[in-house]
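In: coordinates for the following, if possible.
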Amino acid sequence: MTQTNQAKTREARVLGIDPGLNITGYGVISVQDSEISVVEAGVIRSHRSDNLGQRLASIHDGIADVIQSLLPDCVGLEELYSHYERPQTAIVMGHARGVICLAVGQSKLPLHSYASTQVKKVMTGNGRAPKNQVQLAVARHLKLPEIPEPPDVADALAIALCHYYLSLRPALFT
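Out: The predicted model follows:
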C-alpha cells in the first residue's frame, strides 16, 4: 500500500481593523489552501463617559489583546477619511487610528492601509458601493449564513479580505 502525503500550506492569518473612537471593529481571517474562514470577529468599545486618554488606552489594549491572542501574520487598517465640514472628526479618528498603529507597531507586524473606496472596489467591483452591498459581499466571500453585525465587524472583515485579495493579485484591482 502506498501512502501519499499532500503537504498542506501554512495557515496565514490577516487581522482587519475598522478604527473608531466609540467602536473599533476587528476581524481575523484564516487562509489555508485557498480556503478562507473567520477565526474571530468582534468590536472593542470605549466608554463615552471616560476621558479621551482612557478611551484611547482601551482601544490600544483591546487591539494588543487581539493580536496577542489570535496571532495574525499581518494587519489591514482602514485609512482616515473626513469631510471638510467635520475636521474635528478627522482629528479624533486620528487619535484612535494612532493608538491602533502603536499596538501593531509594538507587535512588529506588517501594517497595510486601505482607503474605504479601495476596500469597496475589491469587495464589490464598485468603489462607491453602499455599506449594505459590502456587508453582503463579506457574507458571500466568507460563506456566512448572515451579515456580520454590527457593521463595524463587517467592515473589518472586508478590510482583511481586501488585504488578502490584493496580496494575491494586486494588478486586478488597480
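In: from here on, just use CA atoms for contacts and neighbour counts.
Out: Fine.
In: using PDB, write out every CA atom in stretch 138-149.
Out: Output of stretch 138-149 as PDB, limited to C-alpha atoms (Å, rounded to 0.1, in the frame of the first residue of the first chain):
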ATOM      1  CA  VAL A 138     -18.400  39.900   3.000                       C
ATOM      2  CA  ALA A 139     -21.000  37.300   3.900                       C
ATOM      3  CA  ARG A 140     -20.800  35.800   0.400                       C
ATOM      4  CA  HIS A 141     -17.000  35.700   0.300                       C
ATOM      5  CA  LEU A 142     -16.800  34.100   3.800                       C
ATOM      6  CA  LYS A 143     -19.800  31.800   3.200                       C
ATOM      7  CA  LEU A 144     -21.500  33.100   6.300                       C
ATOM      8  CA  PRO A 145     -25.200  32.400   6.800                       C
ATOM      9  CA  GLU A 146     -25.900  36.100   7.600                       C
ATOM     10  CA  ILE A 147     -24.300  39.500   7.500                       C
ATOM     11  CA  PRO A 148     -21.800  40.100  10.300                       C
ATOM     12  CA  GLU A 149     -23.100  42.500  12.900                       C
END
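In: distance between it and the chain's centre?
Out: Its chain's average C-alpha position is 15 Å from that of stretch 138-149, according to CA atoms, centre = their mean, to the nearest Å.
In: quick one, helices of this structure?
Out: 52-70, 87-107, 116-124, 131-141, 151-168 (DSSP state H).
In: can I get these in JSON lines with mean pLDDT and distance to residue 13?
Out: Converted to JSON lines, the helices of the chain look like this (pLDDT from 0 to 100; distance: least, CA to CA, whole Å):
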{"stretch": "helix 52-70", "mean pLDDT": "98", "distance to residue 13": "9"}
{"stretch": "helix 87-107", "mean pLDDT": "93", "distance to residue 13": "14"}
{"stretch": "helix 116-124", "mean pLDDT": "96", "distance to residue 13": "18"}
{"stretch": "helix 131-141", "mean pLDDT": "97", "distance to residue 13": "16"}
{"stretch": "helix 151-168", "mean pLDDT": "96", "distance to residue 13": "9"}
